[in-house]
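1. sequence unknown, structure follows:
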């Protein structure tokens, strides 16, 4: 299971970079810029050195607790859409010399949306605070359109048309204020604060091309100024006014897990059978060895990667409470059905337990929906911590 260990460890380190990057002291106000600025103007002026650290600025945009912070191990540029298995009628089969039922299975591919992520709160001597994201005023959805050029070039990172409106600037905010102002278009006064230079190399090391592009409005490793965030943790310097609340914002949710004690290929056909609402075929590609796209008649998309790692995805409306709850229930039910059926099939044929353990989820506050002990409770994680004990604090942070 060395591959499982290495992929889980790399993913933990992505969250480790986030935790280390945003634990910091408050900055001091050095000057005040009175004129309100568009968020894109704040970015341009910062990277052109017209605005410096310590500047207190006022800007506007869409404030959210969701960001494009984590690329799941099972993410691909495209994904099968809902499949269809149709009965076409009866026909006489000359080969078998009898009447058989004729069927037709169809499936279309669609753009695989980069899932959104809520980051757990931080705690320091300053108290508890959260990482929020301020998107430009043109923001309207976490669901993106297709970039035809990327598709033509067969980009492996993504086929998403990532524009400035989906490039957020991070905002550090006292936890007590987050729920009041999240998912709103706001006017905000905040402090331009630096990204710790000692963490830049570590953070950059784990950025894929997609996350690097999403981060472009606040992080440019080749720029003399490197990057910034907006610090709202000082009540004397912080001000925010809700200007409007959107009725609908779409985004993609995910849960990612692995079977911790399956160590060879003999179980694979049984695990395949356990995928909920699966039609009778899967798709795999020579260019992407070890990756399986499961064709399902469901809102839930399922992708598997070797060895025995699975991602479950669903698109939903994060503003409409009823739609969000319905989608999350579907995600949890699909995952739970898969977990139970896979264990039953493997135990029945091989007299061994197939233990599905959740690793990462779009919102760690929801982790116990998928396992009573939450995420990162597998033997593989214990083995990672034996080798790399400095990740203990990050795992505790994710499990809080």
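-> Received the coordinates, thanks. Note that the structure is predicted; figures quoted are calculated from it, not measured.

2. Longest helix in this structure, please.
-> helix 321-350 (DSSP state H).

3. May I have the strands that pair with the next helix or strand after that helix, each with its orientation?
-> Beyond helix 321-350 on the C-terminal side, the first helix or strand identified by DSSP states H and E is strand 356-361. Here strand 356-361 has these sheet partners by DSSP bridges: strand 250-259 (antiparallel).

4. Just want the angle from the longest helix of the chain to strand 250-259.
-> In terms of direction (axes from the mean of the first three to the mean of the last three CA atoms, to 10 degrees), helix 321-350 departs from strand 250-259 by 20 degrees.

5. Give me the buried positions along helix 321-350.
-> With burial defined by 16 or more other CB atoms under 10 Å, the residues of helix 321-350 counted as buried are 327-328, 330-331, 334-335, 338-339, 341-343, 345-346. Placement of C-beta: from N, CA and C, glycine included.

6. What of stretch 302-310?
-> Buried residues in stretch 302-310 (16+ other CB under 10 Å): 302, 303, 304, 305, 307, 308, 309, 310.

7. average pLDDT across that stretch?
-> For stretch 302-310, mean pLDDT is 91.

8. what about that stretch, start to end distance?
-> Stretch 302-310 has an end-to-end distance of 7 Å (CA to CA, to the nearest Å).

9. helices or strands up against the longest helix of the chain?
-> strand 250-259, helix 268-274, strand 309-317, strand 356-361 (3 or more CB pairs under 8 Å, 6 or more residues apart in numbering; DSSP states H and E).

10. Just want the angle from the longest one to strand 309-317.
-> So that's strand 250-259. 160 degrees.

11. Secondary structure element holding the spatially closest residue to residue 388 that is not a sequence neighbour?
-> The shortest distance from residue 388 to any non-neighbouring residue, by CB to CB, 6 or more residues apart in numbering, is to residue 9 (6.9 Å). Using DSSP H and E, the element containing residue 9 is helix 2-22.

12. contact partners of that helix?
-> Around helix 2-22, the neighbours that count as contacts under CB atoms under 8 Å, 6 or more residues apart in numbering are 69-73, 119, 122, 131, 170, 172, 195-196, 199, 202-203, 205-206, 229, 258, 260, 305-309, 359-360, 376, 378, 380-381, 383-384, 388, 391, 393-395, 397-398.

13. what sits against residue 134?
-> 39, 59, 61, 62, 63, 168, 169, 170, 171, 186, 188, 230.

14. Among these, which lie within helices?
-> With DSSP H as the criterion, helices contain residue 39 from among the contacts of residue 134.

15. For the contacts of residue 134, give me CSV that also has pLDDT.
-> Output for the contacts of residue 134, formatted as CSV (pLDDT from 0 to 100):
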residue, pLDDT
39, 97
59, 97
61, 98
62, 98
63, 98
168, 97
169, 97
170, 96
171, 96
186, 98
188, 97
230, 96
